[in-house]
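*Asks:* For reference, the sequence and a predicted model appear below.
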Amino acid sequence: MAKNIISDLRQIFRSSVSAVLPENLIRKSISYSPNSQQLNITGKSHNLQDKNVYVVGTGKAVKNMAIEVEKTLGSKIKQGIVSIPIGSLDKYKPLNGNITYCEGAKNNLPDSEALETARKIKALATKLKNDDFLLVLLSGGGSALLPLPKNAITLDEKLALVKKLANMGADIKELNTVRKRISDVKGGQLAICAQPAQVAALVLSDIVGDPLDLIASGPTAKNQDSPTEALNIVNKYNLYTELPESIKTILEDEDNLEIFPENNVHNVIIGSNKLSTEAASIEAKKLNYFPIILSNMVTGNVSDLAKEYVELVKTIVAFRKGNTSYDELKSNLAALNIPGLDLKEIIINKENVKTGDLCFILGGETTVQVKGTGVGGRNQQLGLEFSKVIHQIRNHLKDYEIYFLSGGTDGIDGPTDAAGAIGYLNLVSDCIESNIDVDSYIENNDSYNFYKRFKNGELHVITGQTNTNVMDIHLIVIQYQHNNK
């Protein structure tokens, strides 16, 4: 293995995460003048004079968002409650006690602790009056940390449905559409509860396209879904007959008379995957790669995506070897089925593509159809499946080093302590020599234990919780072996 490439990939990934650390994003997005009592949020001024300020939040990045908000607003905050992942409060001492930090949702799954915090957040919002100002902090992971099913639905019933949908390959948009429908605070309902108070929300996006109504299931965004959309998703995955009556009743109720207070709510996205991929590009260039950002909109099943990524590598190497023409390169790239694929940088920089050490950078969030009983996550599974597929065409890639890193910017990949993993051209060949059956790990969705065993965990990407979340980063390095640095 080329240890220098592995080291470079880790450094590029770390840089992509550092760019979206929530405390930095809050500093860039808000400022407060105690004298005039004006709160500026990305250029829009909010007059806090004679206003009581309250803060609520939910998500993996919200702890550090809230800490920075406390530093900015200080004693102006009358009360705050934020819901954050278990383990987030290690070594943290509250600044002044005005914001209560509540942990829950172990392994990113709703639990009784998160449910109790959600109840408290709704109660706080519901008591607000015209002279109150509610600042809401939202990030990825917020759905699991703000679970408050509608009255007739139990948390276990809601969790069972969402888990079944996820295991059958439902994407994040489908999951959050269903969550909104059966929730008492999502889909804009937190903002509705807070009326007549003024509401402003600072949002760190973890969903492709940055849709405000889906990030953390959109507690402060108008729900644009049709009344039957969630039911259609359940039917798509043939789960209707398995539903308890409590959920069926909610999904089939098409009456929704609540009016969203659009003129009294200010939602602002302060960070997204685009910032991460841009930072990765800058770091890759420092490390003497030629970086090309290909997409911030990657979605789909990891098995399908692994094949498309390998086809991308095969297409680029064939062009570099002179086996295909420039026109054939363009045609072959256009045929790829990678969501959001932007080819203009490859086309514009064809000479660098021909000779340079390449680092393709992509961002998004994939899904895994779980069939086995193993332990893993979408990033580790993608790294392993990429390695399997590229092994099958290794004879076309002689004289090249091909490495791939897939990692979650939140530092958590599935119910594991890994952020992701690294795959490479000869991984399967090395496994054969070590008498390790890659297929068995893939089929059992046991990618975590594979990477833990293979080369003593050397290819695991483990960062710990990063306290941020802007989806995943995928890095593909293509390097001619005679050009090793």
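*Replies:* Noted; the coordinates are in hand.
*Asks:* Leu243 and Ala160 touch, don't they?
*Replies:* No: between Leu243 and Ala160 there is no contact under Cβ atoms under 8 Å: 9.3 Å. Just so you know, the C-beta spots here come from the backbone N, C-alpha and C atoms, and that holds for glycine as well.
*Asks:* can you pull out the strands in the stretch 351-485 of the chain?
*Replies:* 358-364, 400-408, 420-424, 460-461, 472-480 (DSSP state E, counting those that start in this stretch).
*Asks:* How far off centre is the second one?
*Replies:* What it means is strand 400-408. 19 Å (Cα atoms, centre = their mean, to the nearest Å).
*Asks:* got the CA coordinates for it in CSV?
*Replies:* The C-alpha coordinates for strand 400-408 follow below in CSV (Å, rounded to 0.1, in the frame of the first residue of the first chain):
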residue,chain,number,x,y,z
TYR,A,400,-1.7,3.1,-11.4
GLU,A,401,-2.3,3.6,-7.7
ILE,A,402,-6.1,3.9,-7.1
TYR,A,403,-7.3,4.8,-3.6
PHE,A,404,-10.7,5.8,-2.3
LEU,A,405,-11.8,7.4,1.0
SER,A,406,-15.5,7.6,2.1
GLY,A,407,-16.2,9.4,5.4
GLY,A,408,-19.0,11.0,7.3
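*Asks:* strand partners of that strand, parallel vs antiparallel please.
*Replies:* Next to strand 400-408 in the sheet, as set by DSSP bridges, lie strand 420-424 (antiparallel), strand 472-480 (antiparallel).
*Asks:* what about the last one, distance to the chain center?
*Replies:* On the basis of Cα atoms, centre = their mean, strand 472-480 sits 19 Å off its chain's mean C-alpha point.
*Asks:* Give me the three-state assignment for Thr100.
*Replies:* Following DSSP: H, G, I helix; E, B strand; the rest coil, we place Thr100 in the strand state.
*Asks:* Surely it touches Ser83?
*Replies:* No: counting by Cβ under 8 Å, Thr100 stays clear of Ser83, with 9.9 Å between them.
*Asks:* Neighbour count: those two, which is higher?
*Replies:* More crowded of Thr100 and Ser83, by other Cβ atoms under 10 Å: Ser83, with 31 against 16.
*Asks:* residues near the closest residue in space to Ala306 that isn't next to it in sequence, how many?
*Replies:* Nearest in space to Ala306, with sequence neighbours left out and distances taken as Cβ to Cβ, 6 or more residues apart in numbering, is Glu385 at 3.9 Å. Neighbourhood size, Glu385 [other Cβ under 10 Å]: 25.
*Asks:* Same question for Ala61.
*Replies:* 34.
*Asks:* hmm, back to that, among the strands paired with strand 400-408, which is nearest Gly322?
*Replies:* strand 472-480 (12.9 Å; Cβ to Cβ).
*Asks:* how about the helices in the stretch 151-300 of the chain?
*Replies:* Listed in chain order, the helices of the stretch 151-300 of the chain (DSSP state H, counting those that start in this stretch) span 155-167, 172-181, 189-193, 229-236, 245-252, 273-286.
*Asks:* from those, which stretch is densest packed?
*Replies:* Using mean count of other Cβ atoms under 10 Å, the stretch among these with the largest mean neighbour count is helix 189-193, at a mean of 25.
*Asks:* contacting residues around that helix?
*Replies:* 56, 121-122, 125-126, 136, 183, 185, 199, 201, 219-221, 258-261, 264-265 (Cβ atoms under 8 Å, 6 or more residues apart in numbering).
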